[in-house]
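Fold the following and give me the result.
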Amino acid sequence: MKTVRNPITEGVIWKQILIFFFPIVLGTFFQQLYNTVDTIIVGRFVGKEALASVGGSAGQLVNLVVGFFTGLTSGAAVVVSQFWGARDTDRVKEAVHTAYAFSIAASFLITAFGIALTPVLLRWMRTPEELMDGSALYLRIYYVGILFVFVFNTGSSILRAAGDSRRPLYYLIICCILNIALDVFFVLICEMGIAGVAVATVLSQAVSACLVTRALMKADGGLCLRLRGIRFAKRILRSQLYIGVPTGLQSAMYSISNIIIQTAINRFGTDAMAAWAAFWKLDAIFWMISSAFGISITTFVGQNYGAQKHGRIRKSVWICAGMQAFAAVLISAVFLIFRAPLLSIFTADRSVIAIGCGMIAILGPFYVFFTPVEILSGALRGIGDVLIPTAITVCGVCLLRVGWVLIALPLRPEISTIMAGYPVTWLLSGIAFLIYYAVSMRRFGEK
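Modelled structure (predicted):
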């Protein structure tokens, strides 16, 4: 760490962002792919009820848990990236082992509470009775394997924080292929239905967790993981939680607002739920690209902040924002032009496809509004500024969106009313982030 040139703190900014970005977005793509394959297989070979069970209420609850923990791991990623940029090997080592200890402890709690509370949460979301058994089965099997999800996310975030975004990609490709094979085996050959999809997902995630852990155990210097060394370092844990908890809450609030929206969608019946599940898988394409840019800028800013190169921070933020805005416009165009063929991948039901096309028509043109929210919050996270960004997100995106559903939906009880709340909240939150970022950068000498 003391002699090797660090391209993130010294290389050409746009080039290094793209070099770091592409493995992340491809990795996220393969992660989404094996979730999408689950949806395609149950939708095509089990039925629209199974599609709604896996991708409806159960899918939202999975996103809540995984999103919250992924937010928590961002605290570890930021701490590791700052120490890595400062070339502090001892602190990197402490951060790695503390992050692993936290992921293991958290997984046991989530497994216990998740299994016990599954029926209560599904009923609270007004899941239709005919979908209750399938949704509960999928969730409980998923919660049994949540340890593997947490360990993989932790290990991947550590590698990316140190500038290695390629190996997490390789592991996800392997596990995606494995998951597809297991889906076919358990669902089409063994005829296990929803249970088969859930078991395939858990087994493939177990492999990914083993691969990333093995990579860290064979790493050099501060990144080297020793199983006997996995323990909490109080000072490091406090730093990780200071950044991770607000970020996790921010992610959880996204998920909670989406759960409330899912609850509103559930009122419109199984066809609407199936359409929402199919649309959600397409919508995930935008979010995986957006998230990859967010992870990239957080790591880029974190390492440059640790290296005290503040001049590179501002430049990298606007370059990254321009890249994401371009990607958002491109995705919007593709979705709007090919919405019916894309939805038909998931289901042949014409009613479901028609509802999904309506969803895309309303939301599709406005993805670009989310650019300031993702990029600026990621940049601020990289310098350890998380409290105000979390407040902006909670108020601007989450609470306002929930308020929209509670107030506007009774006045006009249509699916289009629910969808319209997304671009409104993105725009208002983006404006708030632009204002706060300008103020925050002045404090760090960025005029």
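
so where does the residue nearest the centre of the chain fall, helix or strand?
Centrality entry for the chain: nearest residue to the mean C-alpha point is G67, 5.5 Å, by CA atoms, centre = their mean. Taking DSSP states H and E as the criterion, G67 maps to helix 57-85.

Quick one: mean pLDDT over that helix.
Model confidence over helix 57-85 averages 77 on the pLDDT scale.

do stretch 354-369 as well
91.

Name the surrounding residues that touch that stretch.
For stretch 354-369, the surrounding residues in contact (CB atoms under 8 Å, 6 or more residues apart in numbering) are 271-272, 275-276, 278-279, 282-283, 286, 290, 325, 328-329, 331-332, 335-336, 339-340, 343, 415-416, 419-420, 422-423, 426-427, 430. Yep, even glycine has a C-beta here, placed from its N, CA and C like the rest.

Give the buried residues for that stretch.
Within stretch 354-369, the residues that count as buried by 16 or more other CB atoms under 10 Å are 355-360, 362-364, 366-369.

Low-confidence bits of the stretch 1-150 of the chain, can you list those?
Applying pLDDT under 70 to the stretch 1-150 of the chain flags the ranges 1-5, 32, 34-35, 45, 48, 52-53, 55-57, 60.

Which residue ranges of the stretch 251-400 of the chain form helices?
270-306, 310-337, 339-343, 350-363, 371-382, 387-393, 400-411 (DSSP state H, counting those that start in this stretch).

Need the ones you listed in a markdown table (columns: distance to Y100).
Shown next, in a markdown table, are those (distance: least, CB to CB, whole Å):
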| stretch | distance to Y100 |
| --- | --- |
| helix 270-306 | 19 |
| helix 310-337 | 29 |
| helix 339-343 | 39 |
| helix 350-363 | 38 |
| helix 371-382 | 21 |
| helix 387-393 | 25 |
| helix 400-411 | 35 |
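
give me the number of residues near T89?
The burial count assigned to T89 is 17, neighbours taken as other CB atoms under 10 Å.

Against Y305, how distant is it?
18 Å (CB to CB, to the nearest Å).

I407 too?
For I407 relative to Y305 (CB to CB), the value is 41 Å.

between the two, who's got more neighbours?
Y305 (23 against 10).

any idea how far that one is from T298?
Counting by CB to CB, the gap from Y305 to T298 is 10 Å.

which other residues reach stretch 311-327?
9, 13-14, 17-18, 21, 289-290, 293, 296-297, 300-301, 304-305, 368, 371-372, 374-376, 379, 382-383, 437, 441, 444, 446.

now those residues: which count as buried?
Judged by 16+ other CB under 10 Å, buried ones among the contacts of stretch 311-327: 9, 13, 17, 21, 289-290, 293, 296-297, 300-301, 304-305, 368, 371-372, 374-376, 379, 382-383, 437, 441.

Dihedrals phi and psi, R231?
With angles defined as degrees, to the nearest 10, R231 sits at phi -160, psi 170.

who's in contact with it?
By CB under 8 Å, 6+ apart, R231 lies in contact with 97-98, 101.

Tabulate these (TSV), appending distance to T247.
Shown next, in TSV, are the contacts of R231 (distance: CB to CB, whole Å):
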residue	distance to T247
H97	21
T98	16
A101	19
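
just those now: which is nearest L109?
Closest approach between the contacts of R231 and L109, by CB to CB: A101, at 13.3 Å.

Find the helix or strand that that closest one is a member of.
Counting by DSSP H and E, the element that carries A101 is helix 89-124.

Run the angle between the next helix or strand after that helix and helix 57-85 for me.
Remark: after helix 89-124, the chain's next helix or strand is helix 129-144, criterion DSSP H and E. Helix 129-144 and helix 57-85 meet at an angle of 30 degrees, taking axes from the mean of the first three to the mean of the last three CA atoms, to 10 degrees as the criterion.

And helix 129-144, how far out from the chain middle?
Centroid separation for helix 129-144 versus its chain: 21 Å, with CA atoms, centre = their mean, to the nearest Å.

Could you list every helix and strand that the very next helix or strand once past it packs against?
Next in sequence after helix 129-144, counting helices and strands by DSSP H and E, comes helix 146-161. In terms of contacts (3 or more CB pairs under 8 Å, 6 or more residues apart in numbering; DSSP states H and E), helix 146-161 is packed against helix 13-45, helix 57-85, helix 89-124, helix 166-183, helix 194-217, helix 270-306.

Name the residues of the shortest one that come out as buried.
Spelled out, it's helix 166-183. 166-173, 175-176, 178-180, 182-183.

just checking, what packs against that helix?
helix 13-45, helix 146-161, helix 194-217.

pLDDT on the last one, on average?
Per-residue pLDDT values over helix 194-217 give a mean of 90.

Grab the CA positions of that helix and hand them over as PDB.
Extracted C-alpha coordinates of helix 194-217, given in PDB (Å, rounded to 0.1, in the frame of the first residue of the first chain):
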ATOM      1  CA  ILE A 194     -41.900 -21.500  -5.300                       C
ATOM      2  CA  ALA A 195     -39.900 -23.500  -2.800                       C
ATOM      3  CA  GLY A 196     -37.500 -24.600  -5.600                       C
ATOM      4  CA  VAL A 197     -36.900 -21.000  -6.700                       C
ATOM      5  CA  ALA A 198     -36.100 -20.000  -3.100                       C
ATOM      6  CA  VAL A 199     -33.800 -23.000  -2.400                       C
ATOM      7  CA  ALA A 200     -31.900 -22.300  -5.700                       C
ATOM      8  CA  THR A 201     -31.400 -18.600  -4.600                       C
ATOM      9  CA  VAL A 202     -30.100 -19.600  -1.200                       C
ATOM     10  CA  LEU A 203     -27.700 -22.200  -2.500                       C
ATOM     11  CA  SER A 204     -26.200 -19.900  -5.200                       C
ATOM     12  CA  GLN A 205     -25.800 -17.100  -2.600                       C
ATOM     13  CA  ALA A 206     -24.000 -19.500  -0.300                       C
ATOM     14  CA  VAL A 207     -21.400 -20.200  -3.100                       C
ATOM     15  CA  SER A 208     -21.000 -16.400  -3.600                       C
ATOM     16  CA  ALA A 209     -20.400 -15.800   0.100                       C
ATOM     17  CA  CYS A 210     -17.700 -18.600   0.200                       C
ATOM     18  CA  LEU A 211     -15.900 -17.200  -2.900                       C
ATOM     19  CA  VAL A 212     -15.700 -13.600  -1.600                       C
ATOM     20  CA  THR A 213     -14.600 -14.800   1.900                       C
ATOM     21  CA  ARG A 214     -11.900 -17.000   0.300                       C
ATOM     22  CA  ALA A 215     -10.600 -14.000  -1.700                       C
ATOM     23  CA  LEU A 216     -10.200 -11.900   1.400                       C
ATOM     24  CA  MET A 217      -8.500 -14.800   3.300                       C
END
